[in-house]
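Undergrad: Sequence and predicted structure are below.
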There are 2 protein chains.
Amino acid sequence: MQRILSIVMSSLLAVTVLTGCGKQESQTPSPAVAAKKMQTYQWKLVTSWPKNFPGLGVAPEKFAKLVGEMSAGRLTIQVYGAGELVPGFEVFDTVSQGTVQMGHSGSYYWKGKIPASPIFGAIPFGMTATELNAWLHHGGGLELWQELYKPFGIIPMAGGNSGAQFAGWFKKEINSMADLAGLKMRIPGLGGEVLKRAGAIPITLTGGEIFSSLQSGAIDATEWVGPYNDLAFGFYQAADYYYSSIWHEPGTGLEFLINEKAYASLPKDLQKIIEVAARAVNEDTLDEYNARNNAALQTLIEKHNVQLRTLPDSVLAGLKAHTDEVINEQVAADEDFARVWQSYSAFMKSIRHYHDTTLKAYLNNR
Amino acid sequence: MQRILSIVMSSLLAVTVLTGCGKQESQTPSPAVAAKKMQTYQWKLVTSWPKNFPGLGVAPEKFAKLVGEMSAGRLTIQVYGAGELVPGFEVFDTVSQGTVQMGHSGSYYWKGKIPASPIFGAIPFGMTATELNAWLHHGGGLELWQELYKPFGIIPMAGGNSGAQFAGWFKKEINSMADLAGLKMRIPGLGGEVLKRAGAIPITLTGGEIFSSLQSGAIDATEWVGPYNDLAFGFYQAADYYYSSIWHEPGTGLEFLINEKAYASLPKDLQKIIEVAARAVNEDTLDEYNARNNAALQTLIEKHNVQLRTLPDSVLAGLKAHTDEVINEQVAADEDFARVWQSYSAFMKSIRHYHDTTLKAYLNNR
């Protein structure tokens, strides 16, 4: 061993002398630091998505790759699709218990445990992807999110945004609020609560269960993500009408879930590598959805003869009115919801004013 | 030395045994790898912005901090404001020559050298921030950008987006195209070329020179960034009218410039750390601008009595017509411009269709 170590030290010297660009210094790290630096960690990450599913499923794979490369293999993360280790809806509990170190999912799936959780993902008639990112990272949103997940031993981070979600796939046309009555629709989160007020029957299913339910008639309608993902699931084979109107998830934020103790066990540089990789993947996922959605929409319309529709103004107004009811009830029922909603809605009011002046005016003028 | 090294090995063993979360392994790295891992690098980064200026100047500081933390101090980057090491407009040449390893600037400043460079930053009546990011990262834009900077020995990366830029500050109201004739306005890039067609006199100044020029009457008008930055520069003290209308820079992408040889001299993990930190800062800067702009706009209007105006439709239409002329001339004059424009405009056409269906409809309905 002494021979090996003396080779280490002499080649360290050689590299220091030979390199030509920028100033370089050799350092002899303390024994404890050197040991920690050589230590490797192998983590597991469970998701709510089919393995490698476009966008949603690819995001944690990208994250794991970046972490592996930035850490030079000191932290490797194995990604599991829904059902491979645990079912898609058990991601939160599994990370909370520490059975695995990480998860990737959508915060609205946990509204049974944490009523305010959907606010960190998507709110009907709420903020767009870029607005949500601004609130999370520069408006106090992330701090509230971390506070609410802390009792479960989980650190949340933004984990990608799938952008504006289409209203969904329907077996019949929707021409009035009356057409929603009795409709069995797969839709999670607060959007589901809103539809319930309109007389529909919201059903929560993971991605992998939707297509067969729609085809069999177990459900009459479904929303999922947007053209890029909806094409991948082949929903056009089971429903003729595709409604583009954005209302229930104007910019859906995904989440990385990190077991607090596992995170604490890492050296500081690996903790920072996780944080920054998550942030990079957060943008990259939105970039990818924005880039892919239109091509997929064209394919759906031109190749698969999908009928693109928009919801009538009366239906959008009806859904908006029910949204206000649902949110007011949640605010009254849950202190944390009220507190998070206060922060979210104040920020939304301000950024809406700014975006009305700028982005909206520009999109209408260009 | 043998004693120190045997302590290293035994404490490595201790850490491996003691840690409780996840699987861990000890590894004995090869001598060359261990040497490279202990090597440290000290880089310099020059910018076109005043030191620590909100948004623009803070972005490279954040980047340097993330790189330092993720690399556990193996790569430290010292950031210099415009004029500290070199003037703001010499960033490109300085990085190209390798005098410093990195820069942070705006690509449109280099249109004298590379006529197509503004396309990677902002195009009048072009893509918004999120659309530009989608094109750069999932539409082939970044590859073209890297190709065009390669002859200069520079690797470009997206370095933040300041969002939609206001039309700017004017000493008089603009009610028609005729009001633009003879106007001396600080405006760089293709926006300046467009204004020249309208009879104005575009002038390029770095940030630090604008306020005094506006106050002295050397210029009649200026655009800069948006309320967050424009408030910081105090332009309201020198011009009464603030025009919100977005036209010349609908979403301005900034850039990191990296000397190719300096980058090549780094081990792969540090290269990846630079790439991912740049990507994280790219989103964070947009998040920050989106979060701060509206509060700053309110302050300008309510505290400083700024008159907020919009350009008449006839002026926007006139500027749009001149934009088409300018772009057609650039396409005819420069092969690279034509090639990059082909990619940009095809992507813009596609994503506009998608955003008309989704984001624009939503902003108009919500």
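TA: Here it is on my side, so go on.

Undergrad: just the strands in chain A please.
TA: Ranges of strands in chain A, per DSSP state E, are A:23-25, A:39-47, A:75-80, A:102-106, A:154-161, A:168-170, A:184-186, A:201-203, A:221-222, A:241-243, A:253-259, A:307-309.

Undergrad: Comparing those, which stretch has the densest surroundings?
TA: Mean neighbour count (mean count of other Cβ atoms under 10 Å in any protein chain shown) peaks for strand A:102-106 among the strands of chain A, with a mean of 28. Yep, even glycine has a C-beta here, placed from its N, CA and C like the rest.

Undergrad: the inter-axis angle of that strand versus strand A:39-47?
TA: Between strand A:102-106 and strand A:39-47, the angle formed by their directions is 30 degrees, by axes from the mean of the first three to the mean of the last three Cα atoms, to 10 degrees.

Undergrad: picking that back up, in JSON lines: the strands of chain A, plus mean pLDDT and distance to A:Val326.
TA: Shown next, in JSON lines, are the strands of chain A (pLDDT from 0 to 100; distance: least, Cβ to Cβ, whole Å):
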{"stretch": "strand A:23-25", "mean pLDDT": "43", "distance to A:Val326": "60"}
{"stretch": "strand A:39-47", "mean pLDDT": "97", "distance to A:Val326": "28"}
{"stretch": "strand A:75-80", "mean pLDDT": "98", "distance to A:Val326": "34"}
{"stretch": "strand A:102-106", "mean pLDDT": "98", "distance to A:Val326": "18"}
{"stretch": "strand A:154-161", "mean pLDDT": "98", "distance to A:Val326": "22"}
{"stretch": "strand A:168-170", "mean pLDDT": "97", "distance to A:Val326": "18"}
{"stretch": "strand A:184-186", "mean pLDDT": "97", "distance to A:Val326": "16"}
{"stretch": "strand A:201-203", "mean pLDDT": "96", "distance to A:Val326": "11"}
{"stretch": "strand A:221-222", "mean pLDDT": "98", "distance to A:Val326": "19"}
{"stretch": "strand A:241-243", "mean pLDDT": "97", "distance to A:Val326": "20"}
{"stretch": "strand A:253-259", "mean pLDDT": "98", "distance to A:Val326": "19"}
{"stretch": "strand A:307-309", "mean pLDDT": "96", "distance to A:Val326": "24"}
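
Undergrad: Distance to chain B added to those, as a markdown table?
TA: Shown next, in a markdown table, are the strands of chain A (distance: least, Cβ to the nearest Cβ, whole Å):
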| stretch | distance to chain B |
| --- | --- |
| strand A:23-25 | 5 |
| strand A:39-47 | 5 |
| strand A:75-80 | 9 |
| strand A:102-106 | 10 |
| strand A:154-161 | 9 |
| strand A:168-170 | 13 |
| strand A:184-186 | 20 |
| strand A:201-203 | 21 |
| strand A:221-222 | 18 |
| strand A:241-243 | 11 |
| strand A:253-259 | 7 |
| strand A:307-309 | 8 |
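
Undergrad: Any idea which of these gets closest to A:Pro124?
TA: Nearest of those to A:Pro124, taken as Cβ to Cβ: strand A:201-203 at 12.1 Å.

Undergrad: Which strands border the closest one, and is each parallel or antiparallel?
TA: With DSSP bridges as the test, strand A:201-203 is paired with strand A:184-186 (parallel).

Undergrad: Name the residues that touch the strand it pairs with?
TA: A:168, A:192, A:195, A:200-205, A:210, A:213-214, A:218-224 (Cβ atoms under 8 Å, 6 or more residues apart in numbering or on different chains).

Undergrad: Could you rerun that using 7 Å?
TA: A:195, A:200-203, A:205, A:210, A:213, A:219-222 (Cβ atoms under 7 Å, 6 or more residues apart in numbering or on different chains).

Undergrad: ok, so of these, who is nearest A:Phe152?
TA: The closest of the contacts of strand A:184-186 to A:Phe152 turns out to be A:Leu205 (Cβ to Cβ; 23.8 Å).

Undergrad: I'd say that closest one and A:Ser212 touch.
TA: No - with contact defined as Cβ atoms under 7 Å, A:Leu205 does not count as touching A:Ser212 (9.6 Å).

Undergrad: Which one's more surrounded, these two?
TA: Taking neighbours as other Cβ atoms under 10 Å in any protein chain shown, A:Leu205 and A:Ser212 compare with A:Leu205 leading, 20 against 12.

Undergrad: Is it possible to get CSV of the contacts of strand A:184-186 that adds distance to B:Thr285?
TA: Converted to CSV, the contacts of strand A:184-186 look like this (distance: Cβ to Cβ, whole Å):
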residue, distance to B:Thr285
A:Leu195, 37
A:Ala200, 41
A:Ile201, 44
A:Pro202, 38
A:Ile203, 41
A:Leu205, 38
A:Ile210, 37
A:Ser213, 42
A:Ile219, 42
A:Asp220, 44
A:Ala221, 40
A:Thr222, 37
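
Undergrad: I'd like to know how far the closest residue to A:Ala181 other than its chain neighbours sits from A:Val315.
TA: Closest residue in space to A:Ala181, ignoring its immediate chain neighbours: A:Gly199 at 3.7 Å, by Cβ to Cβ, 6 or more residues apart in numbering or on different chains. Here A:Gly199 is placed at a distance of 12 Å from A:Val315 (Cβ to Cβ, to the nearest Å).
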